[in-house]
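K.L.:
Turn this into a model:
(one chain, ligands or ions: 2)
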Amino acid sequence: MSQDQGPPPEPDKAVALSQGPARLSAQGIRGGYGRGDVVKGVDFRAREGAVTILVGPNGCGKSTLLKLLSRLLQPREGSVLLDGTPLRDIPTRRVAQRLALLPQGPVAPEGLTVRELVAQGRFPHHSLVRQWSRDDARAVEAAMASAGVTEFAAQRVDELSGGQRQRCWIAMVLAQETEILLLDEPTTFLDLKVQFDLMQLLRDIAHRSGRTLVVVMHELNVAATFADHLVMMRDGVVVADGPVREVFTSGNLARVFDLDANILTDPETGRPICVPRLATDRALAAE
Ligand SMILES: Nc1ncnc2c1ncn2[C@@H]1O[C@H](COP(=O)(O)OP(=O)(O)OP(=O)(O)O)[C@@H](O)[C@H]1O
Ligand SMILES: [Mg+2]
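P.N.:
Ligands and ions are numbered 1, 2, ... in the order given. Reported below is the predicted structural model:
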């Protein structure tokens, strides 16, 4: 990753960002696939210039919520607002110019090169009168450099490793140059260093250019490190929602994940870290 890596945000800054104005919001949304709701009445706010991280157990509805927020699914009840306007009233191309979704586990068409895949991120900016331009080429090269995939540009996406491929998808979403990015598990398959580099890059994008990010992930300590605003979901509802230090507690981890964990504090940043407790450790401690 070539992006400068800024210092961690001041705690107050994270709290302020966590309470900033909402760019994308949902009120009382319910929805799913066919019969029965997967998302069962969720209020959600993605704050301007902030990294909002969404965590929750497998199958609790995180990806479904992102689909509802990006209009891939229509809510059965409630509404999604993009800068105060109902999402359903905004033309599709205009939505794609302002909001990008990286779905979970995307599959690239066979034989596509990395540069061709990343270039697809520019499609929402094209029209009959506005075809490929120098601006598009610049955005594609910049996105590939940011995601660290320039060296693979001419290679086929389906011939890369899982982590390399994941970074190509991230480059594609960055090339879209939207103000709002919804990323469903962008760090899955990445080694720890690359996860951190990527999250630093995404945080810089939010903090330096005021873009609004929503990221789903399972690595709780990475989430606690990078979230300005943390949302915890279980069984289709939001259980806890707020600045990391308020939300990342043993009580909430037990409530949301049935996880028995101690919460420690990173002496350098003051951020919380969770250390899951093993049943055998508990038994030993009790002796
Ligand atoms: N396309 C689909 N059609 C029908 N049911 C679906 C579909 N996608 C998801 N579901 C169901 O919706 C529920 C929530 O799925 P969702 O993908 O939103 O969970 P998640 O929180 O993203 O889980 P994970 O952490 O495993 O990605 C699950 O019970 C799942 O079986
Ligand atoms: Mg998912």
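K.L.:
Show me which residues of the stretch 1-150 of the chain sit near ligand 2.
P.N.:
Along the stretch 1-150 of the chain, the residues adjacent to ligand 2 under the rule Cβ under 5 Å from the ion are Lys62, Ser63, Gln104. The C-beta positions use only the backbone N, C-alpha and C, and glycine is treated the same way.
K.L.:
what's the helix or strand for the second one?
P.N.:
This points to Ser63. helix 62-69 (DSSP states H and E).
K.L.:
Run through the neighbouring helices and strands of that helix.
P.N.:
In terms of contact count using 3 or more Cβ pairs under 8 Å, 6 or more residues apart in numbering; DSSP states H and E, helix 62-69 is assigned the packing partners strand 22-31, strand 39-47, strand 51-55, strand 180-184, strand 212-216.
K.L.:
Can you give the contact residues for it?
P.N.:
24, 26, 29, 31-33, 38-39, 42, 44, 46, 54-56, 73-75, 80, 101, 103-104, 182, 184, 214, 216, 233, 236 (Cβ atoms under 8 Å, 6 or more residues apart in numbering).
K.L.:
ok, back up a step: would you reformat the helices and strands packed on helix 62-69 as a markdown table and include mean neighbour count and mean pLDDT?
P.N.:
As requested, those are arranged in a markdown table below (neighbours: other Cβ atoms under 10 Å; pLDDT from 0 to 100):
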| stretch | mean neighbour count | mean pLDDT |
| --- | --- | --- |
| strand 22-31 | 20 | 94 |
| strand 39-47 | 21 | 96 |
| strand 51-55 | 28 | 97 |
| strand 180-184 | 24 | 97 |
| strand 212-216 | 27 | 97 |
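K.L.:
Isn't Ile263 up against Arg271?
P.N.:
No - under the criterion of Cβ atoms under 8 Å, Ile263 is not in contact with Arg271, lying 10.4 Å apart.
K.L.:
which of the residues in the one helix or strand Leu17 maps to are buried?
P.N.:
Leu17 belongs to helix 11-18 when elements are defined using DSSP H and E. For helix 11-18, the neighbour count (16 or more other Cβ atoms under 10 Å) marks Ala14, Val15, Ala16, Leu17, Ser18 as buried.
K.L.:
what's the neighbour count on the residue in the stretch 51-200 of the chain that ligand 2 sits nearest to?
P.N.:
Here the residue of the stretch 51-200 of the chain nearest ligand 2 is Ser63; by Cβ to the ion that distance is 3.2 Å. For Ser63, the tally of surrounding residues (other Cβ atoms under 10 Å) stands at 19.
K.L.:
Repeat that for Gly84.
P.N.:
The burial count for Gly84: 9, using other Cβ under 10 Å.
K.L.:
Numbering from 26 from now on, please.
P.N.:
Got it, the first residue is 26 from now on, which makes the last one we talked about Gly109.
K.L.:
Show the pLDDT at it.
P.N.:
You'll see Gly109 listed with a pLDDT of 91.
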